[in-house]
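> predicted model and sequence below, questions to follow.
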Amino acid sequence: MSERRVLVDLLGFTGSRGGTETYVRELVPRLADRMPRTRFAAITGRVGADRVRSFFPGQVQTLSWVGADPATWALGAVAATDPLARRARADLVWAPANFGPVLRGIPRVVTVHDAIYDEVPGGLAERAQRVVTSTLMRRSARTADHVLTVSHAAAASIADHLGVSPHRIHVVHNGSAEPRPVTDPGGILALFELPVARPLLLSVGNRMPHKNFPGLLAALAALPAAARPVAVIAGSRLPDPLAADVARLGLDDDVVLPGWVSDEQLEALFQVADLYVCPSLVEGFGLPVVDALRRAVPVLANDVPVLREVGGDAARYADATDAAAFGAAIADALQRPTDAATRTAAQSWASRFTWDDAADATAEVLERALSERRR
């Protein structure tokens, strides 16, 4: 049978966009192994080109006019992806980062990780950009042949908010990376000057409104000072926009904002953490919850469907929109740590989410789209 060609739209890849980029890095090399008769090629912007070449199993074309800003990424996806796919004689376009072309053309699979822009619109300053992004996502999803997403909760939201027929949506859960313990976590984290002899709470994520980090800070402030853990909230470029809230709430001695951390630093933080907290109002998947459970770190998450989907009975849940209740749940989780058997069960639950399984299921969808193209 003749070789098939898949063009992967990585115009938004910069190396600092969190979960969607982890998704691409983990899946693409595995897909090449599972689809040996398929030639993969990628298009990317100038910021992400070197990073993409480090893992991508095929030719990478750089569009020099696409930078790190969402505007040029969106313009590239809308205006350049389909013409480049035609020029490369691609049989299929895969857009793994929420949107791609908005008109029908080369057969296309798009991965829509969530419909958060519609569920949590943000403040006035953010809404104009979000309206544009949401519109592009909606058009891209509606004109795609198949839509991949990462949880059943996200699938329901995509059908509801983006108007995509459920029969075209395929749920493929994300995987979780194998723990890579470091030998000297204290030394690796010395730069952060973490207070000693206090419980450590870890939380990770960007500073978009749906992550609800102000809610986590309010919950910490609701606790008596003597009962507060040290909270490390990683995942932002510096200066961190949470710093003003930390100061306003008098949490300077209780909260560490280390900015964007390396993979090694994150592993070290998991090793020393007493509790992982996810206060998000909504997620597409909630990968850090699974990563924490897989490393035997107890988890407290906001009580929303998607986090129950990925955390199951292995995590604890409380209402993160109620500062007093969430603060009390944090204190209770630290005062009543889980035993060894419970942690082992949590690890077993989390180990069900693997990138190999995700790659198998994603390959099935891509193969289906390719077979429809041949017909």
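Nice, I can see it.
> which is the next helix or strand following the one helix or strand in the chain whose mean pLDDT sits lowest?
Least confident element among the helices and strands of the chain, by mean pLDDT, DSSP states H and E: helix 124-143 (a mean of 78). Sequence-wise, the next helix or strand downstream of helix 124-143 (DSSP states H and E) is strand 146-149.
> ok, then the element right after that next one?
helix 152-157.
> run the chain-centre distance for that next one.
Here helix 152-157 is found 15 Å from its chain centre; the criterion is CA atoms, centre = their mean, to the nearest Å.
> report the buried residues of it.
Of all the residues in helix 152-157, those buried under the rule 16 or more other CB atoms under 10 Å are 153-157. All C-beta spots, glycine's among them, are computed from the backbone N, C-alpha and C.
> cool, and stretch 290-309?
Buried residues in stretch 290-309 (16+ other CB under 10 Å): 290-304, 306-309.
> same question, stretch 163-174
164, 169-174.
> if we can go back for a sec, the buried residues of stretch 290-309 in helices, which ones?
Counting by DSSP state H, the part of the buried residues of stretch 290-309 found in helices is 290-294, 306-309.
> closest to residue 108 out of those?
Residue 108 lies nearest to residue 306 out of those, by CB to CB, at 25.4 Å.
> any idea how far the closest one is from residue 286?
In this view, residue 306 and residue 286 are 6 Å apart by CB to CB, to the nearest Å.
> quickly list what's touching both of the two.
Counting by CB atoms under 8 Å, 6 or more residues apart in numbering, the common neighbours of residue 306 and residue 286 are residue 151.
> closest to residue 254 out of the ones in helices among the buried residues of stretch 290-309?
Of all those, residue 292 has the smallest distance to residue 254: 20.3 Å, by CB to CB.
> correct me, but that closest one touches residue 300?
No: look at residue 292 against residue 300 with CB atoms under 8 Å: they stay out of range, at 10.0 Å.
> shared neighbours of these two, anything?
Here residue 292 and residue 300 have residue 276 as joint contacts, going by CB under 8 Å, 6+ apart.
> now residue 224: phi and psi?
Residue 224 adopts backbone torsions of phi -60, psi 140, taken as degrees, to the nearest 10.
> and it, how many neighbours does it have?
8 (other CB atoms under 10 Å).
> that one and residue 250: what is the separation?
From residue 224 over to residue 250 the distance is 12 Å, taken as CB to CB.
> and residue 372, what element?
Counting by DSSP H and E, the element that carries residue 372 is helix 355-374.
> tell me where the stretch 151-300 of the chain has strands.
169-171, 200-204, 230-234, 255-256, 275-278, 299-302 (DSSP state E, counting those that start in this stretch).
> so which of those is nearest residue 242?
Using CB to CB as the measure, strand 230-234 is the one of the strands of the stretch 151-300 of the chain that comes nearest residue 242, at 6.5 Å.
> one step back: now flag whichever of the ones in helices among the buried residues of stretch 290-309 is closest to residue 21.
Distance to residue 21 across those (CB to CB) is lowest for residue 291, with 14.8 Å.
> I'd assumed residue 176 was in contact with the closest one.
Yes: Residue 291 is within contact range of residue 176, at 5.4 Å (criterion: CB under 8 Å).
> need the residues touching each of these two.
Counting by CB under 8 Å, 6+ apart, the shared contacts of residue 291 and residue 176 are residue 350.
> residue ranges with poor pLDDT in the stretch 151-300 of the chain?
Along the stretch 151-300 of the chain, no part satisfies pLDDT under 70.
> what residues does residue 285 make contact with?
Applying CB under 8 Å, 6+ apart, we find residue 285 in contact with 19, 113, 150-151, 154, 173-174, 306, 310.
> quick check: the residue nearest to residue 321 when sequence neighbours are not counted vs residue 68, distance?
Take residue 321 and drop its neighbours on the chain: the residue closest to it by CB to CB, 6 or more residues apart in numbering is residue 215, 6.3 Å away. To residue 68, residue 215 is 28 Å away according to CB to CB.
> which of these two has more neighbours?
Comparing residue 215 with residue 68 by other CB under 10 Å, the one with more neighbours is residue 215, at 19 against 16.
> I'm done for today, thanks for sticking with me.
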